[in-house]
Structures are given as C-alpha cells and as structure tokens.
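**Student:** Provided below are the primary sequence and the corresponding predicted coordinates.
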Amino acid sequence: MRLNLPEQNAPTADSSPSNPRKLKKVLSALPNANMGELTRQTFQILRDQNRQTMPNKHRLENLEMLREQTRKIFNNLKKYFINRTLPLSDKSQKIVNLNQSILKELINGYKIIVYEAAIAAMADPTVGVVGTVDPIAPLPNHSSHSLVRRRYIEERSGCVDLRDTVLYPYWHGFTDHELVGVAKSRHAYVYCEDSRVEHHHPGWDKQGRVRGGAALDETYRKGNRNHRRDTVSFIERSEHWRHLIDAPSPADIGVRKFIARNRGLRGALRYYLRRS
C-alpha cells in the first residue's frame, strides 16, 4: 500500500511522550491564551507523534486528544479565510497552508494506525480484504471501508463475474456488502477491530440516523433515486456467494433478512409504499 506515510523511529529524549497519560499532562500545560504559540506547539507535537514508534492503542488515544486540541485551533484559524474575498492576502494564504499542514498530520496519524493494523491482519497471505470498524454506524464483522490486497483483485477479483474489479458498479449502494460478502465466501476476509474509519454520510447525524433533506449531496440523491435498482441487482447477485458464507455474522443475517423483505413483487410494493 502506498500511503505516503512519514517514517517512524524510536523516540529520543526530546520526543513528545507516547504514553497517553503523560501526553495529556503536556497538552494541558500548553499556552491556551496565546493562540499562535498554542498552534505552533500543537503542530510540533502532532508531527513528532507521527514520526515515532508506539503501540497502536497509544497512538489512537493520543490522536483523539490532539484532534480535540486541533478543533479549537481550526475554529480560530477559519476566520482568516472563510467568507474572505479572493485572492486571499499573503497572511490569509499562509494561515490556509498552516491549516492544511495540521490536517495532513492528523490524517497521517490515522493512516499509520490503519496501515499497521492492516499489515498485521494481512500477514496471512490468504487474506485479501481487511474490514475496518465504522464507529458511527457499526455493523459487527462488516466493513463500509475495507483495505484490499492488490494481488487478491488481480488474481481473484472483488466480484465473482468480473475480472480485476474491486467494486461492482452499482448506482450507489451495496458495493461494500458485495466486496465483503464475496471475500467471506472465499475465506479471504478478516475483520480488524483495531482499525476504525468513520463514515460521515451527508444527511446523517453523529448517531448514524438519517436526516436527509437539503443536507444530501448529489451522489446521495442519485443513490436514493436508484435504490430499488441497486436492491434488485444485489439480491440477484448475492445468490452467487451468500450461501457459501460458513459462519454468518449479525451483519450477514441482517442482509438475509433484508433480501427476504425486499425480493420480488412484495419487495417492490414495500419500497414504493414507503416512498409514497
């Protein structure tokens, strides 16, 4: 996987602490009244954390603390470039660059966690798909965002009837269910609880409840318009692999119930009655 991650080395005496309790003390001592100095020191700590080795558990705890810290910084910085006339002044452009640098380091931190968890999970060469946890809408042993081994796609494909394909071209939905379901039927899937990827849906709240309306973007509106088409396609296609899953998880059982409710004429009537 080419994730363009910074190299991690053993911490030195000058490194920021990797232990979450010690890092918490360091963050609590930062000069909150001086936003410029707070931003500089927070960025330096974040950058340093991404360049030292530490257990994934510690890295995640540290990142969550730093994420809250950077939220305050972002809320302060945005006034310099949000709702400003273009082109931005030199000062505003420098602040935009700083904002992007902090975001990049945050992203790198979470990418390191995902990468290390995936490498551990993919130590078994038979594994082609590694599932991640979505804390917003968790489905045990299912994955909305998976890591996929390139060789698995080249040799076996993510679809049963298309060569060298990661995801079947549905209009919007069910791509994750097919990728994971096919891999499970081949015993080429592993679920990694240490790897967490939040899936922020437009129109959903933080509890994973659908709000819809104006918050939906065009991609999700297209998905809603074509949901019945995708449902029919998925029901038909799942016959290729659904019965081959030896130990169905609660998510797999949920899929089977969904198929039973939505297949055929009865499913079509249920769908159109819900929309009417």
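**Tutor:** On my side now, so go ahead. Numbers count the residues shown, from 1 in each chain.

**Student:** hey, where'd the helices end up in the stretch 151-276 of the chain?
**Tutor:** 175-185, 218-225, 227-237, 250-262, 264-275 (DSSP state H, counting those that start in this stretch).

**Student:** mind checking which of these is nearest residue 124?
**Tutor:** Closest to residue 124 of the helices of the stretch 151-276 of the chain is helix 175-185 (C-beta to C-beta; 12.7 Å). For glycine as for every other residue, the C-beta is placed from the backbone atoms N, C-alpha and C.

**Student:** Now do that closest one: which elements does it pack against?
**Tutor:** The contact analysis (3 or more C-beta pairs under 8 Å, 6 or more residues apart in numbering; DSSP states H and E) places helix 175-185 against strand 129-133, strand 146-148, helix 227-237, helix 250-262.

**Student:** Mind listing residues that contact the second one?
**Tutor:** With contact meaning C-beta atoms under 8 Å, 6 or more residues apart in numbering, strand 146-148 is reached by 1, 114, 118, 121-122, 128-132, 158, 166, 176, 179-180, 195.

**Student:** out of these, which are buried?
**Tutor:** 114, 118, 121-122, 128-132, 158, 166, 176, 179-180, 195 (16 or more other C-beta atoms under 10 Å).

**Student:** Low-confidence stretches in the stretch 151-276 of the chain?
**Tutor:** Applying pLDDT under 70 to the stretch 151-276 of the chain flags the ranges 203-215, 267-276.

**Student:** try 80 this time
**Tutor:** 194-196, 198-217, 263-276 (pLDDT under 80).

**Student:** isn't residue 178 right up against residue 168?
**Tutor:** Yes. Using C-beta atoms under 8 Å, residue 178 is in contact with residue 168, at 5.2 Å.

**Student:** shared neighbours of the two, which are they?
**Tutor:** Common neighbours of residue 178 and residue 168, counting by C-beta under 8 Å, 6+ apart, are 158, 159, 237.

**Student:** Could you dump those into TSV and include distance to residue 102?
**Tutor:** Listed next are the shared contacts of residue 178 and residue 168 as TSV, based on distance: C-beta to C-beta, whole Å:
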residue	distance to residue 102
158	35
159	39
237	43
